[in-house]
Every structure is written in structure tokens, then in C-alpha cells.
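Trainee: Prediction below, plus the sequence it came from.
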Amino acid sequence: MTTLTAPPRTAPPPPGRPRVSAGFSKWRRRVPLLPALIFTIVVTQLPFVATLVISTFQWNILKPGDRHFTGLSNFKFVFTDDRLRTAVLNTIVLTASVVIISVLLGLGLALLLDRRFLGRGLARTLLIAPFLVMPVAAALLWKHAIYNPDYGLLNGTLNAVYRLFGADNGPTVDWVSTFPMPAVVISLVWQWTPFMMLILLAGLQAQPGDVLEAARVDGASALQTFRYITLPHLRQYIELGVLLGTIYVVQTFDSVYTITQGGPGSETTNLPYEIYLTMFRKYEYGEAAAAGVVVVLGAIVIATFALRTIASLFREEASR
Amino acid sequence: MTGLNKLFRNKDDHGASPKLSPLWTFVVWLATLAFFAPVAWMVLTSFHQEADAATNPPTPFAPLTWHQYSLLFSRDITPFLFNSAMASVFSTLLVLALAVPAAYALSIKPVEKWTDVMFFFLSTKFLPAIAALLPVYLIVKDAGMLDNVWTLVVLYTAMNLPIAVWMMRSFLAEVPKEILEAAEVDGAGLLTVLWRVVAPVAMPGLAATSLICFIFSWNEFMFAVNLTATQASTAPVFLVGFITNEGLFLARLCAAATLVSLPVLIAGFAAQDKLVRGLSLGAVK
């Protein structure tokens, strides 16, 4: 609200209290906000400015004394390098499959958990456990306790089943090196499905009961009710889940670092891991910074959609 | 949107929601157990001897023992847990100290353009942390603050502050305006209003916000692994390091994974209803 359009003060200040000027009270309102605002600007925006500056330098710490300004050549490298292009593709494949699969599974589970059944509370509690396990612990668990070819749970169970049917031994599949990308995707889907389920369940529970009742009275089938009432209502929750999931999964570092180390070759190297390698293995600071800038630009595109979705939820809340 | 409150307060929904058929009940329980199986396997294996843990086919009924846990503590997991606790607790306190006044300025007596400020906070959450790693690493190195818990405290504070501001604002927005005005008309001072009117309504929200901040700090890996070495390493760094240094001890790995996940599992189970609101940045209520 600018001072030009400010409504005239209607009530005079209560008697016996000191009169404070409008400017002073405006500032007094801002004071509690400032520490958080300044802290955030210093710790999050300044590093990005530094990244921008570094991205225009040729800077490899293995070659000291050879640090110089190179303009946009790092960006040219970023857009033409094969490894980075692979990393971009891997990031898209990884993020899209994790988000799509976990939203679909989460939707299915949310629809089921929305109904009454024996032990619903316990089922919900058990279902959110994967999301609460420390991500690094979860990645190690999948890599060693489940995917391991010799004594992992997956091959162990296959073996037990084969023996049950009289065969001598089950197959020995090295899951991580045979199916590297699915191995990472499955472990992440396992972690993110509970998150999607929680958000969608909240959406389902917010459905106005009278509308559903009316649909039932009018003789709509369960499928029709879902298609024409529940799904449109859930849309904003699905959007929110997809966007938040995308923001978090695009940044996946723990699982790639732990399960595959980006391998075999660079089959599972995503952008965050590739940037990490450029920084701490190749020591090419300029290139790493340029790749970082490109990632931020990509994130801004996704974030624009995310902010719009959240803003619509926000307006709805404010208008209540 | 009060769906969540409805969901978690009325456990039986007053019989409003339809019952699931036996077939689908079976399906949902099957899915639940499939999702829970890796967690159950992790906990079970952590109570086995190494010889029983690494068998093919698996032997779930092997004798149980605390052995792996006692080994972990005798092999010094303690400093790592201590570092994790330090970084998580102090960053959570710092986040609250910064976020609560900010949320107050954004909800109870909103500053002009308060929605813009809210979206600025949120937008910082969308910047991938990896893009900040290099400059942060260089700055921290120049300042001689590598391998220092307080560096992690500052970074985790920045990481969680936007979420905390959003969450706290949504909780403070629930303080009834009429009561605030009535208290002011009655001549109550700012402190009285905060203590008597705002605090009782905002307390559960404060607890939820702390929980979310604690979980994210406790689980953080990328900054921890790249900015610490020997002194300030946290629990996730311990987990990864202990695999590469000692070869593979499956049962002990499971014990360590269980141990480091335990605080978050307990907190998360205890406050399931608060999780959604925090994770969806307070947007879904």
C-alpha cells in the first residue's frame, strides 16, 4: 500500500498514549522481520553472486597462477560437454520417473487410506517410515542389504523361492550394475511415495462431504465420482506434490553418491553429482560454477510454476 | 482447508468415510508391508551377528543380540552423534529466534507487501544447494572455518529459515484477530499480548516447526560431507565413511543406520499430523 492510496485514519489515537508518527510505526513493524531477511540475503544470495563471478573465470586449483577471466567460455563448455549433457538427461529421467511413479503410488495409497479398514492408523504409521529414515542410511540399506548380489534381501528371497520349488539355487543378479538407473529410482520412489501419500490424503480429507453425498444420492458410480469430483478437487494437491517433489528430487545427491557413485560409467551421474565431481575431483572451479548457474536457471523455471501453484493455494487461504 | 485437522483429530471420522472391502484391505496391507519391509529388515539385521546377517537365503529367525550396538559405541559413533545433535539443535534454535519475529511481522501486524517477502523467502528454497556449494566452500576455507560445527549451524539455519517462516506464519495467522484487538483495547501491553494471547495458540506450531527443522538438519549430507573432515563430521558422514574404511559389516551397518534414523523416526511417528504442513511449506492446511 503506497502512501498515496492509504485510507485516512478513522480513529484518533487513544488518549493517554504517546502519539507515534506513521513512519516510525511502519519501521517498528519491519524491525522483527529484518534479522531473518538480512541473514537470508547474506547466506543465500551472496554465494550465488559469487558463483556468477567464478563462472566467468578459468580456474583450476591444480594449475595455480593460471586463474584468469574467460568470459562465457565456461558456459560454452557446459552446453557442449558430453558428460554434462548426459548428466542433464540423467537428471530429467531420474526426476521424472521418481516423481511420476511416486505420485501414482501415493495417489493409490491415499485413496485406499481414505477409507476405513482394520488397522488404518497403524498402516499409515508404517507407510510413512521410509520417508523418516535418514536418506543416507536408506541409500546404504538399499545398496548393501537389499541389492547386494551375494547376500542382499532381493537375491536371498529369490534364492529361497527357487529352493522352495526344488531348484538348487536362484539366479545371482548384480542389481546395481545391471540396472543402475532403476536401482536408484526404486530406492527414491520408496522414500518419496509416503510424502506424496500424506499430501494427497490431506487433499482427500478436505473434500466437502456434502458434494460427495449429493453425488451418491444422484446415483453417480464410484468411478464417476472419482473422475468428476475427486480428481478436479485433488488437482492442486497433485500439482503441489509434483512441484515440491521435483524441487527436492532434482537435487538428489545422497543416493547417487552412495548407491552408484554416478556409475557404471556415467549412467547415473545427475547434475548435482556431476557438479560435485567437477569441483572436488577435476578441481575445475570455473566449469563447476557455470554448471551451477545453469542448474539455477533451470530451477527458476520449475520454481516459477511451483510459486504460481502455491500462490493459488495461498490466495484461497487468505480469502477465507 | 481444514482437512488435515479433521483427518488426525477424528480418528474414526464419525463413520463418514466408507469402509474398504476385504479385497482392497488385503491389497493396502500388502502394499504397506512391502513399503515397511526394508525398514523392518534393517532393524532385524541390526540385532543379528555378522555371520547370520550375510547369508543367502536370508535367516530372519537367527538369534538376537545387542552386540552390534555395543560395538558401535565402543568404536566411537558418539562424537558423530554429538556433532549431529549440536548442529541440529543450535541451528533449530537460531532458526526459531529469526523466524518467529519475522513470522510475527508477516502475519499479526503485517508489513506492507508481506506476500512479496514471503515469496522471496520461499524462492531461496528453490535454489539448488549444489550451486552454492563452491562459493560456500571457498568462503569457509578462507575464513578457516572448515571442519567446524558452527559452519554447519549457519548453513542449516539458512536452509531451514524459509520453511520455518512459512510454517510459523501459517500458525500465527490462526490467532483470532478479535481477541488481539480486544486485548489491545483493554490496554494490554505487547508482552502481555504475546504471552497471554499469541503464545498459547502458536505453541503447537512452534513445536512442529522445530521438529521439521531438526529433521532436515539431522539428515543433511551434502554440506556435511564436503565441509567437514575429522572434528565436525555428523552422523550421515559417519555412515558413509565407516563403509569405505572398514569394508562391509552388514549387521553393524544396519545397527548404525537404525541408530541414526531413530531420533527422526520417533519424532516423526509422534507428530505425523504436523509433518505434512511442514513439508508442504505450510501451504496445505
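Mentor: Done, it's in. Bear in mind that the values here come from a model prediction, so they are computed numbers and not experimental data.
Trainee: CA atoms for contacts and neighbours, from now on please.
Mentor: Noted.
Trainee: Can the one helix or strand B:Phe171 maps to be said to contact chain A?
Mentor: Element membership of B:Phe171, judged by DSSP states H and E, is helix B:149-172. Yes - Helix B:149-172 is in contact with chain A by C-alpha under 8 Å from any C-alpha of the partner chain, via B:Leu155, B:Ala158, B:Leu161.
Trainee: Would you format those residues as a markdown table with distance to A:Leu72, neighbour count and pLDDT included?
Mentor: As requested, these are exported to a markdown table (distance: C-alpha to C-alpha, whole Å; neighbours: other C-alpha atoms under 10 Å in any protein chain shown; pLDDT from 0 to 100):
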| residue | distance to A:Leu72 | neighbour count | pLDDT |
| --- | --- | --- | --- |
| B:Leu155 | 30 | 19 | 95 |
| B:Ala158 | 30 | 23 | 94 |
| B:Leu161 | 34 | 31 | 94 |
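Trainee: how far away is whichever residue of the stretch 201-320 of chain A sits closest to chain B from A:Lys26?
Mentor: The nearest approach of the stretch 201-320 of chain A to chain B comes at A:Ala206, 3.8 Å away (C-alpha to the nearest C-alpha). A:Ala206 is 38 Å from A:Lys26, where distance means C-alpha to C-alpha, to the nearest Å.
Trainee: Show the model's pLDDT score for residue 149.
Mentor: You didn't pick a chain, so chain A it is. pLDDT recorded at A:Pro149 is 86.
Trainee: that's the wrong chain, I meant chain B
Mentor: Listed pLDDT for B:Val149 reads 93.
Trainee: any low-confidence regions in chain A?
Mentor: A:1-21, A:314, A:316-320 (pLDDT under 70).
Trainee: and the residue nearest to the spatial centre of chain B, how far is that from chain A?
Mentor: Nearest to the geometric centre of chain B sits B:Ile215, at 1.7 Å (C-alpha atoms, centre = their mean). According to C-alpha to the nearest C-alpha, to the nearest Å, B:Ile215 stands 8 Å off from chain A.
Trainee: Let me know the secondary structure of A:Lys63.
Mentor: coil (DSSP: H, G, I helix; E, B strand; the rest coil).
Trainee: hang on, the earlier thing: tell me the contacts of the residue nearest to the centre of chain B?
Mentor: For B:Ile215, the contact set (C-alpha atoms under 8 Å, 6 or more residues apart in numbering or on different chains) comprises B:Ser88, B:Val264.
Trainee: 7 Å instead, please
Mentor: Residues near B:Ile215 by C-alpha atoms under 7 Å, 6 or more residues apart in numbering or on different chains: B:Val264.
Trainee: Need phi/psi at it.
Mentor: phi -60, psi -50 (degrees, to the nearest 10).
Trainee: pLDDT value on it, please?
Mentor: Taking B:Ile215 on its own, its pLDDT is 88.
Trainee: Could you list the low-pLDDT ranges of chain B?
Mentor: Those would be B:1-16, B:244-247, B:277-285, if you go by pLDDT under 70 across chain B.
Trainee: could you pull out the helices for the stretch 201-320 of chain A?
Mentor: For the stretch 201-320 of chain A, applying DSSP state H, counting those that start in this stretch gives helices covering A:209-217, A:222-225, A:231-250, A:254-255, A:271-280, A:285-318.
Trainee: and A:Val98, how far is that from chain B?
Mentor: On the measure of C-alpha to the nearest C-alpha, A:Val98 and chain B end up 15 Å apart.
Trainee: Test my guess that that residue contacts A:Leu188.
Mentor: Yes - using C-alpha atoms under 7 Å, A:Val98 is in contact with A:Leu188, at 6.4 Å.
Trainee: what's near enough to touch B:Val264?
Mentor: Contacts of B:Val264 by C-alpha under 7 Å, 6+ apart are A:Leu132, B:Ile215.
Trainee: Just confirm it is within a strand.
Mentor: No - checked against three-state DSSP, B:Val264 lies outside a strand; its state is helix.
Trainee: how close does it get to A:Ala129?
Mentor: With the distance defined as C-alpha to C-alpha, B:Val264 ends up 10 Å from A:Ala129.
Trainee: now do A:Ala220
Mentor: 36 Å.
Trainee: For these two, indicate the residue with more neighbours.
Mentor: A:Ala129 (23 against 14; other C-alpha atoms under 10 Å in any protein chain shown).
Trainee: part of a helix, is the more buried one?
Mentor: Yes - judged by three-state DSSP, A:Ala129 forms part of a helix.
Trainee: For it, which residues are in contact?
Mentor: Contacts for A:Ala129 were tallied using C-alpha under 7 Å, 6+ apart; they are B:Phe36, B:Leu265.
Trainee: between the longest helix along chain B and helix B:149-172, how big is the angle?
Mentor: The residue-count maximum for a helix in chain B (DSSP state H) belongs to helix B:78-107. For helix B:78-107 against helix B:149-172, the angle by axes from the mean of the first three to the mean of the last three C-alpha atoms, to 10 degrees is 40 degrees.
Trainee: and helix B:78-107 with chain A, contact?
Mentor: Yes - for helix B:78-107, a contact with chain A is found by C-alpha under 7 Å from any C-alpha of the partner chain, at B:Leu98, B:Ala99, B:Pro101, B:Ala102, B:Ala105.
Trainee: Can you name the residues that contact the nearest residue to the fourth one once chain neighbours are set aside?
Mentor: This points to B:Ala102. Once flanking residues are discounted, B:Ala102 sits nearest to A:Leu33: 4.0 Å by C-alpha to C-alpha, 6 or more residues apart in numbering or on different chains. Contacts here follow C-alpha under 7 Å, 6+ apart; on that basis A:Leu33 touches B:Pro101, B:Ala102, B:Ala105.
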